[in-house]
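1. Output the structure for:
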Amino acid sequence: MSDATDLVTTASGSDVRAGLQAARALRRLAETLEAAQVENARRQGWSWTEIAAVLEVSKQAVHQRYARRLNSLDASESRLES
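-> Model (predicted):
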């Protein structure tokens, strides 16, 4: 976890270039974590409405962002199981 802590420190530091690079890395990390947890929630039976409420976005926004990705993951897993 020290990598994330280092990124936060760098993002709030006085070196603008390093700060922007750290902010970009943190954004990518947050996007990756969110996608993984949306996938976990859907696999555990959560509705798009429940996920959207926790993320404080609209149901349409979360569905639009993740439904296609999850459908392609499901299709890939089905092919592997066959």
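
2. how about the helix ranked longest in the chain: buried residues?
-> Assignment by DSSP state H gives helix 16-43 as the longest helix of the chain. By neighbour count on 16 or more other CB atoms under 10 Å, the buried set for helix 16-43 is 19, 22, 25, 38, 41, 42. (C-beta placed from N, C-alpha, C; glycine too.)

3. Check which element follows it along the chain.
-> Going down the chain from helix 16-43, the next helix or strand is helix 48-55, by DSSP states H and E.

4. dump the residue contacts of the residue positioned nearest the centre of the chain.
-> Taking CA atoms, centre = their mean, the centroid of the chain lies closest to residue 34, which sits 2.5 Å from it. By CB atoms under 8 Å, 6 or more residues apart in numbering, the contact set of residue 34 is residue 55.

5. any idea how far residue 68 is from it?
-> 15 Å (CB to CB, to the nearest Å).

6. And residue 51, by the same measure?
-> Relative to residue 68, and taking CB to CB, residue 51 is found at 15 Å.

7. neighbour-wise, which of the two wins?
-> residue 51 (20 against 10; other CB atoms under 10 Å).

8. does residue 57 belong to a helix or a strand, and which?
-> Counting by DSSP H and E, residue 57 is found in no helix or strand.

9. Let me know how buried it is, in neighbour terms.
-> 14.

10. Return the residues in contact with residue 41.
-> With CB under 8 Å, 6+ apart, residue 41 has these contacts: 50, 51.

11. repeat that for 6 Å
-> By CB atoms under 6 Å, 6 or more residues apart in numbering, the contact list for residue 41 reads residue 51.

12. Kindly report the same for the one 5 residues further on.
-> When contacts are counted by CB under 6 Å, 6+ apart, residue 46 is found next to no other residue.

13. Tell me the pLDDT of it.
-> As summarised for this prediction, residue 46 has a pLDDT of 96.

14. try the one 3 residues further on
-> Among the per-residue scores, residue 49 holds a pLDDT of 96.

15. can you check the one 10 residues further on too?
-> With respect to pLDDT, residue 59 has a value of 96.

16. Distance of it relative to residue 4?
-> 29 Å.

17. go on, residue 16?
-> 20 Å.
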